[in-house]
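Visitor: okay, predicted coordinates and the sequence, questions at the end:
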Amino acid sequence: MSTEKKTFTCQDCSATFEVAQAALDRYPGWTPKRCLSCKDKTSGRGKKAGTSKKKTARPGRKKTASATENLPLAKVLELYSGGPDTGLFTDGSSQPNPGPGGWGAVLVKDGEVVAQAHGHDPDTTNNRMELTALIEAFKLAPEGQSLTCYTDSDLCVKSMTQWAPGWRSKGWRRKGGPIKNLELVQELFALVEANPNIELKWIQAHDGSRWNEYADALSTAWARDEL
């Protein structure tokens, strides 16, 4: 087995780190952006570093993902096959949080991409990118068509389906203090109300759902050279 390694510079801490050529060959076009220490800090999306456990895939099932892998879209389609195959799928994140981030949204019908969009913000937060992804997803939806819009942000789902009506009735205020990202919350809530044919639904993050992973890959496209 080849022991050749390549050296990279971490975009977060500027430290140099090495990656085996064999690992690079597995994912053509992949350019590592972070050292292992920085990746552990940011990849868990709110989980403490070192607490995730590796899952063993069941025979006959495609790989499941434990955290953002920053893979090109083609590699995501190769690795994952689970989950719903029709609907709107969204994701957003910042790395670190707060920090530079991105969002992604894709409209899928019967396992085929109908439309997609993605974007980048150099100074943002996870929640802002999740909200932005949902806003852009609603813009992709065909007018009047019944769809499910999937997001792995439980906060966004509860904000839209449980809390926003009460916030609005109180002049967009809440007991706990100011509503964070209010302008995005208001914009998304207006779209939710204007499109009762679109159901907003939570989906488990990184459980091998193909189109959730695809939306995640769109949201991190800004951090790699290959879409």
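Guide: Received, thanks.
Visitor: all helices for the protein, in order.
Guide: 21-26, 36-42, 73-79, 126-140, 154-158, 164-169, 182-194, 210-219 (DSSP state H).
Visitor: ranking these by burial, who's on top?
Guide: helix 210-219 (a mean of 26; mean count of other CB atoms under 10 Å). In short, each C-beta sits where N, CA and C put it, glycine included.
Visitor: low pLDDT regions in the chain?
Guide: By pLDDT under 70, the low-scoring segments of the chain are 1-3, 8, 10-14, 22-31, 34-68.
Visitor: quick check: Thr16 vs Lys6, distance?
Guide: Going from Thr16 to Lys6 by CB to CB, to the nearest Å gives 11 Å.
Visitor: same check, this time on Lys33
Guide: The spacing between Lys33 and Lys6, counted by CB to CB, is 13 Å.
Visitor: the two: who's more crowded?
Guide: Between Lys33 and Lys6, counted using other CB atoms under 10 Å, Lys33 has the larger neighbour count: 17 against 13.
Visitor: surely that one touches Trp222?
Guide: No. When contacts are counted by CB atoms under 8 Å, Lys33 is not listed as touching Trp222 (10.6 Å).
Visitor: quick one: contacts for Thr220?
Guide: 68, 70, 93, 95, 102, 104 (CB atoms under 8 Å, 6 or more residues apart in numbering).
Visitor: ok, which pair from those residues is furthest apart?
Guide: Within those, Gln95 and Gly104 form the most distant pair, 13.7 Å apart (CB to CB).
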